[in-house]
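In: attaching a predicted model along with its sequence, questions to come.
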Amino acid sequence: MRQVEPSVELLAKPSIDWESMRTYLDEVGGTTWADRVEEADSPDAEDLLEFSGRMCYRSWEPGLNPNVSRVRTDSAQYLGNVIASQHGSVLEHANFTFVLHNVSRVLTHELIRHRAGSAFSQESLRYVRLADIPFWFPEWAREDSELMERSLKVLDTLEEHQKWMTEHFELDEASTKFSHKKHMTSFMRRFAPEGLATGIVYTANLRSLRHVIEMRTAKGAEEEIRLVFNKIGEAMREEAPAIFSDYEVVDGEWIPGTRKA
């Protein structure tokens, strides 16, 4: 048994092709907006959302839309108004991809319930044979010596059974076919605990992220997923500060100023 800690790494985020965007903006009269935004060096994710929102009303500058007599020139204020006005569809244009490492299948089973605006690719225990049983214990559990002693014995027994089955099914023999390995590995995963640490690639748009961060850091949420989504919330506050500036963090709970954005 190997004790591990859940971790979060941001793998991908929006990147704007400014040449293509300017080709469009030259046509519709939005070059002054592009000049202002590029000079501000704001995150591409925020620029993409602002672009998408302004296109709806052709609000690059006054006069382009006869119905618009004034426009907000401060991007953070503009995006804050998008959120306050609950124009959530604009937030769906920006996607972020994370790898969640050493997270349990307890966590991933809860995470994949948030399917709207998300994509998931999880390590498959039908193909990946266990060499050991990585496992995360929360701090309060590590402080309970009797609990740890009993738990470690259980996990050591399960790990030993994985090794015994490997030998019993002759999975490391050179003559063993892959189809047999897959069949037996699929069977062997039935003896892996729900708390087994695994990995999952998680992609979500900003509308979904706002919702899931709120839901999964709430006081009543499961403790591991609270830990992980606090890390995601911190990452998103750095990557898209204008989109997450309305949140107040109280005892690990991310509380938005505006809901249903």
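Out: Yep, that arrived.

In: can you pull up the bridge partners for the closest residue to Asp132 other than its chain neighbours?
Out: Nearest in space to Asp132, with sequence neighbours left out and distances taken as CB to CB, 6 or more residues apart in numbering, is Arg2 at 5.2 Å. Every C-beta, even on glycine, is put in place using the N, C-alpha and C of the backbone. Beta bridges link Arg2 to Pro134 when assigned by DSSP bridges.

In: need the contact list for Arg2.
Out: 132-135 (CB atoms under 8 Å, 6 or more residues apart in numbering).

In: can I get these in a markdown table with pLDDT and distance to Ser104?
Out: As requested, these are exported to a markdown table (pLDDT from 0 to 100; distance: CB to CB, whole Å):
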| residue | pLDDT | distance to Ser104 |
| --- | --- | --- |
| Asp132 | 95 | 15 |
| Ile133 | 96 | 11 |
| Pro134 | 97 | 9 |
| Phe135 | 98 | 8 |
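
In: let's see if you can find the most crowded of these.
Out: Ile133 (22 neighbours; other CB atoms under 10 Å).

In: that one touches Leu196, doesn't it?
Out: Yes - if you go by CB atoms under 8 Å, Ile133 and Leu196 touch, sitting 6.0 Å apart.

In: and the gap between Arg72 and Ile16?
Out: 20 Å (CB to CB, to the nearest Å).

In: an error on my part: the question was meant for Gly195.
Out: Gly195 is 41 Å from Ile16, by CB to CB.

In: what do you get for His180?
Out: 50 Å.

In: then Leu48?
Out: 6 Å.

In: neighbour count: those two, which is higher?
Out: A count of neighbours by other CB under 10 Å puts Leu48 above the other of Leu48 and Ile16, at 19 against 16.

In: which of the helices or strands spans Arg226?
Out: Element membership for Arg226, per DSSP states H and E: helix 223-239.

In: ok, and the closest non-adjacent residue to Met188?
Out: Met165 (5.2 Å).

In: tell me the pLDDT of that neighbour.
Out: Met165 is assigned 97 on the pLDDT scale.

In: likewise for Lys260?
Out: 68.

In: go through the helix or strand containing Glu39 and flag the buried ones.
Out: Element membership for Glu39, per DSSP H and E: helix 31-40. The neighbour-count check on helix 31-40 (16 or more other CB atoms under 10 Å) flags 33-34, 37 as buried.
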